[in-house]
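J.: need coordinates for the below:
(chains A and B, ligands or ions: 4)
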Amino acid sequence: MKFYRSHVLVSIDPASVAKGVHELIDALQDELVTQGLIGEVQVLETSQISEHPEGLEMVVYPEGVHYTGIQIDDVPYLVEEHFLKGRVVKRFLAKETKPSDEELGPPKSKEVRVVLRNCGQIDPENIEDYIIEDGYQALGKVLSEMTPEQVIEEVITSGLRGRGGAGFSTGRKWQFAKSAPGDVKYLICNADEGDPGAFMNRRVLESDPHSVIEGMVIAAYAIGCNQGYVYCRAEYPLAVKRLNTAIKQARAIGLFGNNILGSDFSFDLEVRIGAGAFVCGEETALMASIEGRRGEPRPRPPFPAIQGLWGKPTNINNVETYANIPQIISRGAAWFASMGTEKSKGTKTFAIAGDVNNTGLIEVPLGITLREVIYDVGGGIKNNKNFKAVQTGGPMGGCLPAQYLDMPVDYESLMSAGSIMGSGGMIVMDEDTCMVDIARFFMDFTQDESCGKCTPCRVGTRRILEILERICEGEGRESDIETLEMLCRQIKTTSLCGLGQGAPNPVESTLKHFRSEYEAHIREKRCPSKVCRKLIHYNIVDACTGCLVCARNCPVNAITGERRQLHVIDAELCIRCGICEQVCNFNAVEVWS
Amino acid sequence: MIKVLEKIPETDPLAIPTKHAIIDQVLDFNKNIPGATMVVLSELQSRIGHISIPMQAYVAQKLRVPMSEINGVVSFYSFFTTKPKGKHTMKFCMGTACYVGGTSQLIDKAKQILGIELGQTMPDGSITLEVCRCVGACSQAPVVVVDEDMHGRIPPNKLPQIIKKYQK
Ligand SMILES: Cc1cc2nc3c(=O)[nH]c(=O)nc-3n(C[C@H](O)[C@H](O)[C@H](O)COP(=O)(O)O)c2cc1C
Ligand code: SF4
Ligand code: SF4
Ligand code: FES
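T.: Residues are numbered from 1 along each chain as shown, chains lettered A, B, ... in the order given. Ligands and ions are numbered 1, 2, ... in the order given. From the prediction side, this is the model:
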């Protein structure tokens, strides 16, 4: 394929044809020849760009600059300015600016976008957009030039590890499934993304579904699967819709079904939707759910590669794992392996949320430090507060304090620090976060989501939650910490699946790094971060101007006072929700513990 | 199973011809695909709004699986409900980012405005209050989802406006 520096997409529809768009395209081509740019700039036709175009329109990639109202006479000037001198011609710029993308802005320094490269850049509901970005080229290469063994070898060499949590070598996993005996084999994409605070997979499915699909078809070819499923959580209706559109469009041009791209390989893909059970992200539970049963995990071995969906050899990978595959094939294993650390290659997407300035999605090379992620990419802590902890890995991960900020982000380092990579959720917490409360929050989640099959997981998480609730309410006992530690050890070692085995992590990591907060709750009945409701009280101080705002917003009408008079909170009625503190414009509400 | 089907209450979707037709349509369309149970139940939940006990018995009969299995599946997944909900369902995101971002305060405010607890429906059937898992819009915490609409970055004093929109 020829490499073009720029692509010009010219909008063609009946209205623009009437306005002479074909003449415009001819003029563009001629001018590119005249200025010696024809090998560098490609002119393509595309469907209507904006809803109400003002004259002829085009978008220039990679910059994504949108020009409108262009006349044939303007072409020489435009070509010279934009393509030769590299200057955007302001007078043709489209007025309407695209609504800013709150989740995914332009790449920040230190970011490297591989998986997210197309997100926000192409129209996810139009397969041609993906193809223009060299989409489905890797699939073409695989089907025409590579044997399944070569594909697997390439993926092994790249060092790609599963992005769904455990970080197992993707190539080796494929090899197991390939060498498993059996004619019928299945391929699954895990799009259950249940970790609260994680939305990387959703964004890739919504904004670049074809990259995941292409990765899956390549995997199916390498392993020898003829049927695949994407298991997507029900909370992501847009992702499901876009996936279905993408599958339909790919099927229409012969990328699914029998004899794909003229080869003798056949494959088809279907989307299945979850129903709100976190444990269905676990691979064996997920397969039970596709089969139409309760999503309960089962012991492994046998591993899915040997006995998976409907008892057949099955390969299951995460969304992001598949989305990396086309790039590895097109750009080569060596390119991929040049990013990251010795054992953790490539890039990883993270969803940063919580108390940082730039929340949203990022993609960085593995091995970058937490500090770089939080301060350089994330823009530091909001409102100039102090950093307290970062939670990685979701409900089975842990909370890491400031002393780990210079630790590299890779599978092994996070594990040794008592957390996990997980799927890539990263929640940054400032000094106002109570770590006992956070541990309680995660335990509340896991005990609710435990499938109940194993007693230690079902009963043990319940007991931990009860103890944590007591501590947060100021009823903690001196022996509680020891009991918690014992319960954690027990649940970890005797649970069947990763949910039970990982459930104690938030408690263990906070006990390890923030023990003094537990002690303050238990011994002094005090919540140092002023979060736990039973241990704090609100007071209105002299700065109060009597503006009535707090009284109007208090959900239980606990605030009394005349206009322009100091207001008073009735401590008996107050449920310590903190709304008054938030709405007061004069900092007149104080919280004490 | 037959027993359950015999005494179908008048208000049950199975007793309402238009809804019964939808149920049959969903079953006919999906009954032969592998793993049909989940697909059928998801469709019924989204098109009828709940999966009543008689509906479960009917599905069991049509798919030729034991009623206990259907019931086991319905009770396992939190998206499946056996009772009808209000016209609108207001869900407060209880994911980590939203929790840290102040979901609890929003819930307090909503309870005050509507006078109902979580899991309850307004007496006039307009709104059901619920909490939900992370909906993947964490950069806009705290998030409230009403039916399919996502509302992000809501301070407690903006909540009444949103509620009003759905109470009409
Ligand atoms: C409780 C639990 C939840 C999980 N949730 C997910 C999930 O939402 N998405 C995911 O890809 N993997 C999840 N996993 C990991 C999967 O079991 C499995 O390891 C993964 O899908 C394999 O894909 P990978 O090799 O590409 O990472 C979960 C595991 C457990 C124990
Ligand atoms: S560890 Fe917990 S979630 Fe996993 S199988 Fe056992 S009970 Fe179910
Ligand atoms: S903390 Fe909440 S309940 Fe207490 S006075 Fe303030 S607004 Fe009212
Ligand atoms: S935590 Fe609320 S949207 Fe993710």
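
J.: would you mind measuring the gap between the ends of stretch A:583-593?
T.: 20 Å (CA to CA, to the nearest Å).

J.: list the buried ones in that stretch?
T.: A:583-584, A:588-589, A:591, A:593 (16 or more other CB atoms under 10 Å in any protein chain shown). (C-beta placed from N, C-alpha, C; glycine too.)

J.: closest to residue A:209 out of those residues?
T.: residue A:583 (42.2 Å; CB to CB).

J.: which residues sit in contact with whatever residue of chain B ends up closest to ligand 3?
T.: Nearest residue of chain B to ligand 3 (CB to the nearest ligand atom) works out as residue B:108 at 7.2 Å. Taking CB atoms under 8 Å, 6 or more residues apart in numbering or on different chains, we find residue B:108 in contact with A:555-556, A:575, A:577, A:579, B:156.

J.: tell me, how many residues neighbour residue 13?
T.: Picking chain A for this. 15 (other CB atoms under 10 Å in any protein chain shown).

J.: let me rephrase: I mean chain B.
T.: Residue B:13: 22 neighbours (other CB under 10 Å).

J.: any idea which helix or strand of chain A has the worst average confidence?
T.: Every helix and strand in chain A was compared by mean pLDDT, DSSP states H and E; the lowest is helix A:14-18, with a mean of 78.

J.: I'd like the next helix or strand past it.
T.: helix A:21-34 (DSSP states H and E).

J.: show me what that next one is packed up against.
T.: Contacts defined by 3 or more CB pairs under 8 Å, 6 or more residues apart in numbering or on different chains; DSSP states H and E place helix A:21-34 against strand A:6-11, strand A:41-46, helix A:75-78.

J.: give the buried residues for whatever helix or strand comes next after the shortest one.
T.: Same thing as helix A:75-78. Toward the C-terminus, helix A:75-78 is succeeded by helix A:127-132 as the next helix or strand (DSSP H and E). Neighbour-count burial for helix A:127-132, with 16+ other CB under 10 Å as criterion, is recorded at A:127-130, A:132.

J.: ok, the most centrally placed residue in chain A to residue A:150 distance?
T.: For chain A, the residue nearest the mean C-alpha position is residue A:200 (1.3 Å; CA atoms, centre = their mean). Counting by CB to CB, to the nearest Å, the gap from residue A:200 to residue A:150 is 29 Å.

J.: what sits against the residue of chain B found nearest ligand 4?
T.: Using CB to the nearest ligand atom, the single residue of chain B nearest to ligand 4 is residue B:95, 2.3 Å away. Applying CB under 8 Å, 6+ apart, we find residue B:95 in contact with A:196-197, B:133-135, B:138, B:141, B:143.

J.: so where's the chain uncertain?
T.: The chain I'm using is chain A. Across chain A, the ranges flagged by pLDDT under 70 are A:1-3, A:47-52, A:96-100.

J.: my bad, chain B
T.: B:1-6, B:168.

J.: what does the domain assignment say about the chain?
T.: The chain I'm using is chain A. Following automatic domain parsing, chain A resolves into domains at A:6-98, A:127-337, A:347-430, A:435-523, A:536-592.

J.: correction: the question concerned chain B.
T.: If you go by automatic domain parsing, chain B breaks into B:2-76, B:88-167.

J.: so which of those gets nearest ligand 2?
T.: domain B:2-76 (11.1 Å).

J.: centre of the chain to whichever helix or strand residue A:272 is part of, how far?
T.: Assigned by DSSP H and E, residue A:272 belongs to strand A:268-273. Chain-centre distance of strand A:268-273: 21 Å, with CA atoms, centre = their mean, to the nearest Å.

J.: residue A:205: which element?
T.: helix A:200-207.

J.: would you tell me whether the helix or strand that comes right after that helix gets close to ligand 1?
T.: The helix or strand immediately downstream of helix A:200-207 is helix A:209-223, counting by DSSP H and E. No: applying CB under 6 Å from any ligand atom, one finds helix A:209-223 separated from ligand 1 by no less than 10.1 Å.

J.: what comes up buried for helix A:209-223?
T.: Neighbour count says helix A:209-223 has A:209-223 buried, by 16+ other CB under 10 Å.

J.: also near ligand 2: which of the residues you listed, exactly?
T.: Applying CB under 6 Å from any ligand atom to those, one finds that nothing falls near ligand 2.

J.: the helix or strand hosting residue A:469: how far from the chain's middle?
T.: In the assignment (DSSP H and E), residue A:469 maps to helix A:461-472. Relative to its chain's centre, helix A:461-472 lies at 30 Å (CA atoms, centre = their mean).

J.: ok now do whichever residue of chain A sits closest to ligand 2, which residues does it touch?
T.: Nearest to ligand 2 in chain A, going by CB to the nearest ligand atom, is residue A:500, at a distance of 2.5 Å. For residue A:500, the contact set (CB under 8 Å, 6+ apart) comprises A:450, A:454, A:456-457, A:460-461, A:491-492, A:494.

J.: need these in JSON lines with secondary structure and neighbour count, can you?
T.: Below are those laid out as JSON lines (DSSP: H, G, I helix; E, B strand; the rest coil; neighbours: other CB atoms under 10 Å in any protein chain shown):
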{"residue": "A:450", "secondary structure": "coil", "neighbour count": "24"}
{"residue": "A:454", "secondary structure": "coil", "neighbour count": "20"}
{"residue": "A:456", "secondary structure": "helix", "neighbour count": "20"}
{"residue": "A:457", "secondary structure": "helix", "neighbour count": "26"}
{"residue": "A:460", "secondary structure": "helix", "neighbour count": "24"}
{"residue": "A:461", "secondary structure": "helix", "neighbour count": "27"}
{"residue": "A:491", "secondary structure": "helix", "neighbour count": "27"}
{"residue": "A:492", "secondary structure": "helix", "neighbour count": "18"}
{"residue": "A:494", "secondary structure": "helix", "neighbour count": "14"}
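
J.: residues in contact with stretch A:255-266?
T.: In contact with stretch A:255-266 (CB under 8 Å, 6+ apart) are residues A:136, A:139-140, A:143-144, A:213, A:217, A:220-221, A:226, A:247, A:250-251, A:254, A:267-269.
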